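Engineer: Next input, structure requested:
(one chain, ligands or ions: 1)
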Amino acid sequence: MKVIKTDIKDLLIIEPNVFGDYRGWFSETYNEKVFKDNGIDIIFKQDNHSYSKLKGVLRGLHFQNEPYAQSKLVRCTKGKIWDVAVDLRKSSPTYLKWIGIELTPENHKMFFIPQGFAHGFITLEDNSEVQYKVDNLYNSDTDRAIQYNDLDINVIWPSNEVILSEKDKKAPTLKDSDVNFK
Ligand SMILES: Cc1cn([C@H]2C[C@H](O)[C@@H](COP(=O)(O)OP(=O)(O)O[C@H]3O[C@H](C)C(=O)[C@H](O)[C@H]3O)O2)c(=O)[nH]c1=O
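Structural biologist: The predicted structure is shown next:
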């Protein structure tokens, strides 16, 4: 399992080892020791799985405020997504910087997004599925959304034709949101 640093501290790309043979392949998608050896000492508490029917479904930009902030280990197990993480840590030198990555079952790539980040993805194919581990339970009181096309963050999404939830259609701008990450 390779852990690759990005230009944003603590935001990592994980490339698991894939052992192929005539039956198919095997891969570890989480390994506590590898994470600890790379300075990620967390306990995941919940696994999530979402299915999006159509290309262009955009879920985000979402986060849970303190004290229920979540780290996420994200992978795409069907279809294709463009996965985005935004640094919302006000004291971070990369505050409001974002990184996007294409995740597919074929590239096996995973995105480790630490607490203090907003997360979102857009599907690039119909029938896409995303599975991700989080290190804090869902907490609806601290669950927050920021407009996916917020001008202060300015994420470049691969498409402007998006399918949003009612919640995301009404998401506030960053300026109007109550992010409480230090
Ligand atoms: C996130 C979550 C949701 N729910 C319930 C609440 C709603 O009744 C329903 C759909 O939730 P929502 O529309 O917030 O789902 P997404 O739009 O996929 O939200 C997720 O999308 C982005 C990409 C994320 O990283 C977050 O995990 C999460 O915000 O599932 C739960 O019961 N538990 C949960 O952990």
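Engineer: how far is the longest helix belonging to the chain from where the chain is centred?
Structural biologist: Secondary structure assigned by DSSP state H gives helix 32-37 as the longest helix of the chain. Here helix 32-37 shows a centroid-to-chain-centroid distance of 20 Å under the convention Cα atoms, centre = their mean, to the nearest Å.
Engineer: Tell me how far the spatially most central residue of the chain lies from the ligand.
Structural biologist: Nearest to the mean C-alpha position of the chain, counting by Cα atoms, centre = their mean, stands His119 at 4.4 Å. Here the criterion is Cβ to the nearest ligand atom, to the nearest Å. By it, His119 lies 4 Å from the ligand. (Each C-beta comes from the backbone N, C-alpha and C, glycine too.)
Engineer: Identify each buried residue in the host helix or strand of that residue, please.
Structural biologist: Secondary structure assignment for His119, by DSSP states H and E: strand 117-123. By neighbour count on 16 or more other Cβ atoms under 10 Å, the buried set for strand 117-123 is Phe117, Ala118, His119, Gly120, Phe121, Ile122, Thr123.
Engineer: pLDDT (mean, whole number) over the following helix or strand past it?
Structural biologist: Scanning forward in sequence from strand 117-123 by DSSP H and E, the next helix or strand is strand 128-134. Regarding strand 128-134, the rounded mean pLDDT is 98.
Engineer: Tell me the strands beside strand 128-134, with direction?
Structural biologist: Strand partners for strand 128-134, identified by DSSP bridges, are recorded as strand 46-52 (antiparallel), strand 72-78 (antiparallel).
Engineer: quick one: which of these is nearest the ligand?
Structural biologist: strand 46-52 (4.7 Å; Cβ to the nearest ligand atom).
Engineer: I would like the residues contacting the longest helix of the chain, please.
Structural biologist: Met1, Val3, Asp41, Ile42 (Cβ atoms under 8 Å, 6 or more residues apart in numbering).
Engineer: ok, 10 Å please
Structural biologist: 1-3, 12, 14, 16-17, 28, 31, 40-44, 73, 112 (Cβ atoms under 10 Å, 6 or more residues apart in numbering).
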